[in-house]
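J.: task: produce atomic coordinates for the following.
(one chain, ligands or ions: 1)
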Amino acid sequence: MEKKSVSVVTNCHICNILNNEILDKSINEWLIDHYSGEHIEPLSIAALTNRFNEQLLQYYFLKQHPNIDPTFDFEVLREYLQEVYLDNDDHIDSKLFSIGNSIIKHFELDPIFLSTRLVAPHTMQHHLQNCLAIRPDKLSSEESLHVKFLQATEFAHKILQSPLDIAINNGLASADTQIDIYIKDITTGEMRPIKEWITKISKGRVI
Ligand SMILES: [Zn+2]
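T.: Below you'll find the predicted structure:
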């Protein structure tokens, strides 16, 4: 009896890519390691999606040009396709545009075909959490909390700086006035600079 290969179609775009052997299933192990952050520096969903998409672009390039050594960086091609064909961004970096455009022309690639192959971050999130059933570990979520606190602090500094500059220019505040954000313990009344506090909580110390 003839043996037929059955390709399983799922509702997950990434699983379909792997089931159709467009990319090797071993990429799942790479995703698990980098998403869980158990043995290795964790990567964000966006970074995992980008690396996955670059592998996809490499696959389609080699399918079209099996004997040509790609002389460019797939990260550049991915960024170009994303910005020009997916994000509809009006402000495309002119250097990225000219490099991306020349890769497309030189290798006679089909940018619309390629850009519609790319997977979106929410697809990656679905695949990681539902198909592979993994969650980022506690450490990486603490690390991301650390980053969020630092970003929020920087943002607060930024939005306070502009009215402060106006106040200084109008002689309402002295020129050596500086913004400093503190965290207050309402029980002890102790004040701590926020950056010091963030560093302490991210080292897991109880304050
Ligand atoms: Zn999946």
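
J.: which stretches of the protein form strands?
T.: Using DSSP state E, the strands of the chain run over residues 182-184, 191-193.

J.: report the mean confidence score over the longest helix along the chain.
T.: Scanning the chain for the longest helix, with DSSP state H as the assignment, gives helix 138-169. Averaging pLDDT along helix 138-169 gives 80.

J.: which other helices and strands does that helix contact?
T.: Packing partners of helix 138-169 (3 or more Cβ pairs under 8 Å, 6 or more residues apart in numbering; DSSP states H and E): helix 194-202. Glycine gets a C-beta too; all of them are placed from N, C-alpha and C.

J.: got a list of what the most centrally placed residue in the chain touches?
T.: The structure's the chain has its C-alpha centroid closest to Ala46; by Cα atoms, centre = their mean the separation is 2.6 Å. Neighbour list for Ala46: Pro121 [criterion: Cβ atoms under 8 Å, 6 or more residues apart in numbering].

J.: one more: Glu83?
T.: Counting by Cβ under 8 Å, 6+ apart, Glu83 touches 89, 92-93, 96-97.

J.: what's the closest of those to the ion?
T.: Comparing these against the ion with Cβ to the ion picks out Asp89 as the nearest, at 28.4 Å.

J.: on the pLDDT front, check the closest one for me.
T.: With respect to pLDDT, Asp89 has a value of 65.

J.: so Leu160 sits against Asp180, correct?
T.: No. With contact defined as Cβ atoms under 8 Å, Leu160 does not count as touching Asp180 (10.1 Å).

J.: neighbour-wise, which of these two wins?
T.: Higher neighbour count among Leu160 and Asp180: Leu160, with 12 against 9, using other Cβ atoms under 10 Å.

J.: residues contacting the more buried one?
T.: By Cβ under 8 Å, 6+ apart, Leu160 lies in contact with Ile179.

J.: what about it, distance to Ile181?
T.: Computed as Cβ to Cβ, to the nearest Å, the Leu160 to Ile181 distance reads 8 Å.

J.: equivalent analysis for Pro193, please.
T.: In this view, Pro193 and Ile181 are 7 Å apart by Cβ to Cβ.
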